[in-house]
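> here's a sequence, model it:
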Amino acid sequence: MTLKPLADRVVVKPSAAEEKTKGGIIVPDTAKEKPVWGEVIATGPGKISDEGKLIPLEVKIGDKVLYGKYSGTEVTIDGEEVLIMRESDIFAIMPKK
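Numbers count the residues shown, from 1 in each chain. A predicted model of the protein is given here:
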């Protein structure tokens, strides 16, 4: 990844959309919902407070995160679809299994 986000922004690789339902029905492309979780693949240094101090990010590279359905900006980098969003657009870090 050659992209370096600024301030409190993170780059997230969205998870793959579900191909089948739990009952085994194949979902066509037009009916697939946007994923709401993905993996953080790049982070900025953090936000600068009003006092000029750096506030580090809580998320780190490799974290699986849950975010809003319409959060972030979709871009293609090196042929890969990713989302760039602020850390505040992330709702939760998913626990590691």
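> so how far is T76 from the residue positioned nearest the centre of the chain?
Nearest to the mean C-alpha position of the chain, by C-alpha atoms, centre = their mean, lies V12 at 3.0 Å. Taking C-beta to C-beta, to the nearest Å as the measure, V12 falls 14 Å from T76. No exception for glycine: its C-beta is placed from N, CA and C like everyone else's.
> mutual contacts of these two, please.
Residues touching both V12 and T76 (C-beta atoms under 8 Å, 6 or more residues apart in numbering): V82.
> returning to what we had before: doesn't the residue nearest to the centre of the chain lie inside a strand?
Yes. In this structure, V12 lies within a strand as judged by DSSP: H, G, I helix; E, B strand; the rest coil.
> quick check: closest non-adjacent residue to K4.
Excluding the flanking residues, the one nearest K4 by C-beta to C-beta, 6 or more residues apart in numbering is A42, at 6.7 Å.
> that neighbour: helix or strand, and which one exactly?
Assigned by DSSP states H and E, A42 falls within strand 37-43.
> list the buried residues for that strand?
G38, E39, V40, I41, A42, T43 (16 or more other C-beta atoms under 10 Å).
> surely the fifth one and P5 touch.
Yes. Here A42 lies in contact with P5, judged by C-beta atoms under 8 Å, at a distance of 5.7 Å.
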